[in-house]
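[1] Here is a sequence together with a model predicted from it:
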Amino acid sequence: MRLQALAAAVLATACASAPMRSEAQTAPVPSMGDILEQSPAADWRAVDPDNTIYMDLPGGRVIIELAPQYAPNHAANIRALARARYWDGAAIVRAQDNYVVQWGRDEGDTTSYGEAQRSLQPEFDRPRSGVDITRLQDPDSYAREVGFADGFPVAGQNGRTWLAHCYGMVGAGRGDTADSGSGAELYVVIGQAPRHLDRNVTLVGRVLQGIELLSVMPRGTGPLGFYETPEERTIIRSVRLASELPEGERVNLQTLRTDSATFRTLTESRRTRRDPWFLEPTGRINVCNVPLPVRVAP
């Protein structure tokens with residue numbers, strides 16, 4: 001079955017009225033796997049090695065894609081910190097249940113920043129102009145507009161747009177002042193989407209692979225999930241830009257283009273779940289519940 005046929009099947013089930021539901025369910029319902037299997041190569045994009053971070057932990061590798069279109073200065077600083085080997089030997093310092101996992105170095109640590117800056121102005125949002133957003137029509141509690149841009153979940157209103165705090169999104173930790181972050185201290189969302197943090201923290205990217213290594217970190221015993229003893233921490237072996245490694249040592253990942261027909265079909269299929277297990281499909285979806293597929297390049 002080609003993608004056009006899959007899309008037609010998804011649309012047909014979405015348009016089926018409640019009395020006809022049993023008839024609609026007798027027709028084959030394309031799964032997410034079906035939709036992705038039929039996707040054309042043009043609906044995928046290669047992840048830029050210059051904006052890809054490899055964080056190697058004792059249990060494996062975490063791969064993060066940076067979002068310079070939303071946080072250009074923080075992305076540049078993170079690249080500089082990686083080149084300076086700033087995080088080599090640093091640690092996972094916090095794991096707060098249903099919230100975030102955080103990594104970095106202790107306050108007062110003298111490890112060199114290399115060419116990176118120690119503080120940056122916040123990049124909480126940016127002008128909406130010039131950003132091509134695949135808009136989600138479903139209502140949102142935190143913004144008038146939500147959707148996806150360049151593979152990231154976004155929100156916006158009043159001529160501004162920003163990255164949304166969905167599962168797997170990576171942010172730059174800061175203190176009480178807006179300019180107290182630099183990207184040297186990072187966190188990833190591992191729980192229910194803390195959207196109240198939107199526009200209060202600079203989001204810098206998202207985890208593409210290896211989130212399971214972070215989400216299962218032992219929960220910290222201190223306030224806010226911080227570890228209280230060195231033994232609780234997980235040491236980071238290294239952090240590198242993918243572009244620093246020989247091509248043979250890179251993982252050539254692709255993400256599904258969020259402006260593609262495949263992504264629109266996928267979103268609609270998740271909004272109108274009609275597979276037999278769902279007794280009462282909602283007919284709506286949250287921006288943080290839309291999957292953002294990643295694959296190794298075929």
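    Sure thing, it's come through.
[2] Break the protein down into its structural domains.
    Per the record, the chain has its domains at 3-45+255-296, 46-253, by automatic domain parsing.
[3] residues touching Ile92, list them.
    Leu57, Val101, Gln102, Trp103, Leu214, Met217, Tyr227, Arg233, Thr234, Ile236 (Cβ atoms under 8 Å, 6 or more residues apart in numbering). For every residue, glycine as well, the C-beta is placed using N, CA and C.
[4] Between the residues you listed, which sits nearest Leu197?
    Gln102 (12.9 Å; Cβ to Cβ).
[5] Let me see the contact set for Pro49.
    Counting by Cβ under 8 Å, 6+ apart, Pro49 has contacts Leu241, Ala242, Ser243, Arg250.
[6] cutoff 10 Å now
    Contact analysis of Pro49 by Cβ atoms under 10 Å, 6 or more residues apart in numbering lists Leu241, Ala242, Ser243, Glu244, Leu245, Glu247, Arg250, Val251, Asn252, Leu253.
[7] Would you list the phi and psi of the most centrally placed residue in the chain?
    Centroid check for the chain by Cα atoms, centre = their mean gives Arg206 as the closest residue, at 3.2 Å. Geometry field for Arg206 lists phi and psi as phi -150, psi 150, criterion degrees, to the nearest 10.
[8] Is it correct that it is in contact with Leu163?
    Yes: when contacts are counted by Cβ atoms under 10 Å, Arg206 is listed as touching Leu163 (8.4 Å).
[9] shared neighbours of those two, anything?
    Ala67, Phe152, Pro153, Met169, Val170.
[10] Now do the SS call for the last one.
    The one in question is Val170. For Val170, the secondary-structure state derived from DSSP: H, G, I helix; E, B strand; the rest coil is strand.
[11] so which helix or strand takes in Leu208?
    Using DSSP states H and E, Leu208 falls within strand 202-209.
[12] Return the list of strands paired to that strand, each annotated with direction.
    strand 60-66 (antiparallel), strand 169-172 (antiparallel) (DSSP bridges).
[13] Single out the most deeply packed of those.
    Mean neighbour count (mean count of other Cβ atoms under 10 Å) peaks for strand 169-172 among those, with a mean of 25.
[14] what about the stretch 51-200 of the chain, any weak spots by pLDDT?
    Scanning the stretch 51-200 of the chain for pLDDT under 70 picks out no residues.
[15] can you map out the strands along it?
    52-57, 60-66, 91-95, 100-104, 126-127, 134-136, 145-149, 152-157, 160-163, 169-172, 186-189 (DSSP state E, counting those that start in this stretch).
[16] which residues touch the closest residue to Ile211 other than its chain neighbours?
    Excluding its sequence neighbours, the residue lying closest to Ile211 (Cβ to Cβ, 6 or more residues apart in numbering) is Gly168, at 5.2 Å. Taking Cβ under 10 Å, 6+ apart, we find Gly168 in contact with 64, 153, 188-190, 193, 205-208, 210-211, 214-215, 288, 292.
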